[in-house]
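Novice: okay, here's the prediction I keep looking at, along with the sequence it came from:
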Amino acid sequence: MTATGLNSMSRGAGVVRESQGDVEATLKAATERWKPDLLDLSHAIHADPELGGQEFRAVKRVRRLLRTAGFRFDNRQPLQATAFSASYGSGELVVALCVEYDALPDIGHACGHNVNAASAVGAALALAAVADELGITVKVLGTPAEETTGGKVNLIEEGFFEDVSLAMMVHAGGGDVVGGSSLAMSMWDVLFEGRPAHAAAAPMEGVNALDALVVAQTAIALARQQLPTASIVSLIVTEGGSAVNVIPERARASVEMRAPSIEKLRIIQDKVRRCLEAGAHASGCTLQVTPTGNDYAELRQDPFLSHAYRAAMTAIGRDVSFNAEPVASTDMGNVSQLVPSIHPIVGYDVRGAAHHTAEFAAFGASASADKAVLDAAFGLAAAASATALDPEERSRLLTRTSA
């Protein structure tokens, strides 16, 4: 981050180059102004969890707050029922805030998406206060179903990131981390179909779909030794027959594959598919493989944005570590392959509870989580403003979107 970017007061491209200190003071004031609304939003989403693609009440709450703050809802809206696009300002540098709000079955917001949502909205509201001075457009994208089908991928395919210069969000966690990656991931539903028969009177008349699945599962287990390093393949049987004295006509399974990169994920997919085909061939069954949602790419966090975010969070007293190790999987990875992005983890006290547990969900509306919402909102906004004020970084991002 150059001193010129932080302190220049020169005019360029219609933008008044204010000091980063002045801008951050405005961001802090805006975050404080919207504090009650942001915490109400986080608490309301936490108390009223909705599954991916069904987050209608969460979207209504987010839209209401954005509308109150003067955001306009763009003429073209996403096809997903619980996605949206809203904007503030008209600057050439477009800053996208991705808002997640889906929960998990039975255990609610056990991944902290209420914190994710409120912090992204908070960053958008803070940036709106300096949009004209920084020459930016603040774009808020409602991104449903991160836990399941990957709504951000649909938004990419529909073109909602084409004008975006940089994209941002934070994810709830037990500590403050930036710079991390994620694993590429895909999920399949698998169906083998054979022919039923009486298991004792006429077993030779049957075509055993469960046999097909057992052969496939065994082949996958043996293939793991030859998979790329750090690959993960998980499989569960979801249907294996209806009665012990009937040759199973159908067998179903869910397969999840993860890898350090999308390229290595393709290798795994090819090998797993051949294992499934082996089960079908050996048993005489038919095979149907159906992707469950979109494939997730690995996360790439932009170095400048990462350092700017860490500097801002450190300045307000948070201890943010750098860790490049991959953690879980996210459709923000797909965004980061296309647009310079950050997806840091903002921490609050969860007493050691792990993501995707009821214990983690219990802390989502605590005082510590509330502080994380406000701090992360400021951190994201400060990172975006530092980028907008830095001539080299601004040029880099505008060159990318104009290419």
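Specialist: All right, it came through fine. Numbers count the residues shown, from 1 in each chain.

Novice: CA atoms for contacts and neighbours, from now on please.
Specialist: OK.

Novice: residues of stretch 287-298 that come out buried?
Specialist: Residues of stretch 287-298 classed as buried: 287, 289, 292-298 (neighbour count, 16 or more other Cα atoms under 10 Å).

Novice: columns secondary structure on top of these, output as JSON lines?
Specialist: Converted to JSON lines, the buried residues of stretch 287-298 look like this (DSSP: H, G, I helix; E, B strand; the rest coil):
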{"residue": "Leu287", "secondary structure": "strand"}
{"residue": "Val289", "secondary structure": "strand"}
{"residue": "Thr292", "secondary structure": "coil"}
{"residue": "Gly293", "secondary structure": "coil"}
{"residue": "Asn294", "secondary structure": "coil"}
{"residue": "Asp295", "secondary structure": "coil"}
{"residue": "Tyr296", "secondary structure": "strand"}
{"residue": "Ala297", "secondary structure": "coil"}
{"residue": "Glu298", "secondary structure": "coil"}
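
Novice: tell me how many other residues crowd Ala25.
Specialist: Here the number of neighbours of Ala25 (other Cα atoms under 10 Å) works out to 12.

Novice: ok, and what's touching the strand or helix carrying it?
Specialist: Per DSSP states H and E, Ala25 falls inside helix 20-33. Helix 20-33 has contacts (Cα atoms under 8 Å, 6 or more residues apart in numbering) with 6-7, 122-123, 125-127, 129-130, 374, 377-378, 381-382, 385-386, 389.

Novice: what segments of the stretch 51-200 of the chain are helices?
Specialist: Counting by DSSP state H, counting those that start in this stretch, the stretch 51-200 of the chain has helices at residues 56-68, 113-128, 131-134, 151-157.

Novice: Leu97 is nearest to which of these?
Specialist: Nearest to Leu97 among the helices of the stretch 51-200 of the chain is helix 113-128; the distance by Cα to Cα comes to 5.7 Å.

Novice: relative to helix 20-33, how tilted is that closest one?
Specialist: Relative orientation of helix 113-128 and helix 20-33, computed by axes from the mean of the first three to the mean of the last three Cα atoms, to 10 degrees: 130 degrees.

Novice: helices or strands next to helix 113-128 in the packing?
Specialist: Where contact means 3 or more Cα pairs under 8 Å, 6 or more residues apart in numbering; DSSP states H and E, helix 113-128 is packed against helix 20-33, helix 35-47, helix 56-68, strand 93-99, strand 136-142, strand 171-173, helix 367-389.

Novice: 6 Å - rerun?
Specialist: helix 20-33, helix 35-47, strand 93-99, helix 367-389 (3 or more Cα pairs under 6 Å, 6 or more residues apart in numbering; DSSP states H and E).

Novice: mind giving me the domain ranges of the chain?
Specialist: Domains of the chain are assigned by automatic domain parsing as 3-182+296-402, 184-291.

Novice: need those in CSV (columns: mean pLDDT).
Specialist: Shown next, in CSV, are the domains of the chain (pLDDT from 0 to 100):
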stretch, mean pLDDT
domain 3-182+296-402, 93
domain 184-291, 97
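
Novice: which of the ones you listed is buried the deepest?
Specialist: domain 3-182+296-402 (a mean of 21; mean count of other Cα atoms under 10 Å).
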